[in-house]
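# With the sequence up front, the predicted model follows.
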Amino acid sequence: MKTNNIDNIFLVGLMGAGKSTIGKQLARELGKQFRDSDSEIEKRTGVSIDVIFDIEGEQGFRWRETGLLRELVSERGIVLATGGGAVLASENRQLLRDNGLIIYLKASAEHLAGRVKLDRRRPLLQSGDKLVKIRELMTQREPVYHQLADLVVETNNRSIPRVVREISKMIKET
């Protein structure tokens, strides 16, 4: 595990893994600022992620995401919840690797589907069976998450405070 740069903590994982919720509490616990790349894109564009996907497609969204990541990783003392697909671009993976500690929040496909089943704002889950789509995304992305991560933390059936305490302890032990 890298120990030379833990000023920044980057949370990666599929949608519904808890990146935003856990990230907010982790930032508070560690005395860092919390950032959420998807929320930041929405704030800057004035529209939701699903509208960006509708107008610009996934490619347009990913372009925006990379531009924002370039900016956010230059900050110090942050916990950043990345978008679930941010790791797909090699430039994004390098930006994360070079600028902080990467934590993969891992959950089963069934658990993720349960968490997002009522969420209508997930553009990649708007058609078809959500569990099937999550399994497809997991097949594509999970190897990347594992390769990139300095730490892997399971979030299935675990309380947010418990996960935050575990991460905080792991970070302090580095």
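Sure thing, it's come through. Numbering: from 1, shown residues only.
# what sits up against the helix or strand bottoming out on mean pLDDT in the chain?
Among the helices and strands of the chain, helix 109-116 carries the lowest confidence by mean pLDDT, DSSP states H and E, at a mean of 75. Counting by Cβ atoms under 8 Å, 6 or more residues apart in numbering, helix 109-116 makes contact with 14-18, 107, 122, 125, 130-131, 134-135, 138, 155-157, all of which sit outside it. C-betas here are computed from N, CA, C, even on glycine.
# For this structure, which segments count as strands?
Assignment of strands within the chain using DSSP state E yields the ranges 9-12, 33-36, 78-81, 101-106, 151-154.
# Who are the packing partners of the third one?
Spelled out, that is strand 78-81. In terms of contacts (3 or more Cβ pairs under 8 Å, 6 or more residues apart in numbering; DSSP states H and E), strand 78-81 is packed against strand 9-12, helix 19-30, strand 33-36, helix 37-45.
# Can you flag which of the contacts of helix 109-116 belong to helices?
Among the contacts of helix 109-116, DSSP state H puts 130-131, 134-135, 138 in helices.
# Restricted to buried residues, select the residues you listed in PyMOL.
PyMOL command restricting the ones in helices among the contacts of helix 109-116 to the buried ones, with burial defined by 16 or more other Cβ atoms under 10 Å:
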select buried, resi 130+131+134+135+138
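# any idea which of the ones in helices among the contacts of helix 109-116 is closest to Ala89?
Each of the ones in helices among the contacts of helix 109-116 was scored against Ala89 by Cβ to Cβ, and Met138 proved nearest at 18.3 Å.
# Would you mind listing the residues in contact with the closest one?
The neighbours of Met138, taking Cβ under 8 Å, 6+ apart as the test, are 14, 109, 112.
# residues in contact with the longest helix along the chain?
In the chain, taking DSSP H as the definition, the longest helix is helix 49-72. Residues from elsewhere that reach helix 49-72, judged by Cβ under 8 Å, 6+ apart: 35, 37-38, 40-42, 44-45, 78, 80, 82-83, 85-86, 88-89, 91-92, 95-96, 121-124, 126.
# residues contacting Asp38?
For Asp38, the residues meeting the contact criterion (Cβ under 8 Å, 6+ apart) are 20, 49, 81, 83.
# The last one and Lys172: what is the separation?
For Gly83, the distance to Lys172 equals 27 Å [Cβ to Cβ, to the nearest Å].
# do you know how far Lys32 is from Gly57?
In terms of Cβ to Cβ, Lys32 sits 33 Å off from Gly57.
# Out of these two, name the residue with the larger neighbour count.
Neighbours around Lys32 and Gly57, counted as other Cβ atoms under 10 Å, are more numerous at Lys32. The numbers are 19 against 12.
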